[in-house]
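Visitor: dropping a prediction and its sequence here:
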Amino acid sequence: STGEIDPDGWNMTGTLVTDRLGWQHRTADINMVDLSGEIPFAFSSGEGNIDFVRSGFLTFTQLLAGSVVAEDNHLALESTINRLTFVDPWQLNLAGGRLLIEDLRVGFESAALLVSGRTLFDSIDLGDLTRSLELPPMQGRLTADLGDVEYRGGLLHSDGDARIDVFGGTIQIRNLKARDIFTSYRSFEGDIDFHGIDLEQLTRTFEFGEINGVIDGYIHDLRLFGKVPS
């Protein structure tokens, strides 16, 4: 690696070489096995200070992140000033379906962590998902195109939507936001619209007693602090 400091700021460039490294983030429950590759980097206090574009790669034999599992991935990288872009999409397994992250970018902007990418969920089995998350068991499927998802300064937000086929009907979730997701004080926000929900299935699942009928409606500006509506 090389670097320099002058009156206009500082910069540092180089390449991080890893060989079968193990990596774990205990708070976020993320574990990566046999991480190898060549990861170029360029950090600068002013993006105009240096001209830097480098290619690299990253491989791992297994990634575990809660219910998400991936095995034997080889990902091409491109590094620019204060930013690392994954040229290849991340293809992850989740609850009998697939989680796809395209154009994943990780970097820093105004000293804050910035992560962005296009995220899709394909045919996630709600039975498997709710069991792994220790939630009330549900039967159905989750499909979502969350569009461009961005995490910046502790705030995660999406400009897409999610569709859940459950309780005999459909639930659509839009305007998703989450704050402080890696802490014990995480919160979630969103707008929910639902159609054709079978109340008997719903109340039997959540033990509300028993109510019969079919309901359409919406819950807008919902905010959850952890799992508690606030």
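Guide: Yes, it's here.
Visitor: ok, Cys56 to Leu104 distance?
Guide: If you look again at residue 56, you'll see it is Gly, not Cys. Distance check for Gly56 against Leu104: by C-beta to C-beta, to the nearest Å, it reads 14 Å. C-beta here means a position set from N, CA and C on the backbone, and glycine is covered the same way.
Visitor: correction: the previous question concerned Ile81.
Guide: Distance, Ile81 to Leu104, using C-beta to C-beta: 18 Å.
Visitor: what does Asn175 give?
Guide: Distance of Asn175 to Leu104, given as C-beta to C-beta: 22 Å.
Visitor: between the two, who's got more neighbours?
Guide: Between Asn175 and Leu104, counting by other C-beta atoms under 10 Å, Leu104 is the more crowded of the two (20 against 16).
Visitor: tell me what the helix or strand hosting Leu129 is packed against?
Guide: Taking DSSP states H and E as the definition, one finds Leu129 inside helix 126-132. Other elements packing on helix 126-132 under the criterion 3 or more C-beta pairs under 8 Å, 6 or more residues apart in numbering; DSSP states H and E are strand 140-152.
Visitor: how about stretch 157-165: buried residues?
Guide: 157-158, 160-162, 164 (16 or more other C-beta atoms under 10 Å).
Visitor: longest strand of the protein?
Guide: strand 9-25 (DSSP state E).
Visitor: pairing partners for that one, with directions?
Guide: Here strand 9-25 has these sheet partners by DSSP bridges: strand 2-6 (antiparallel), strand 30-44 (antiparallel).
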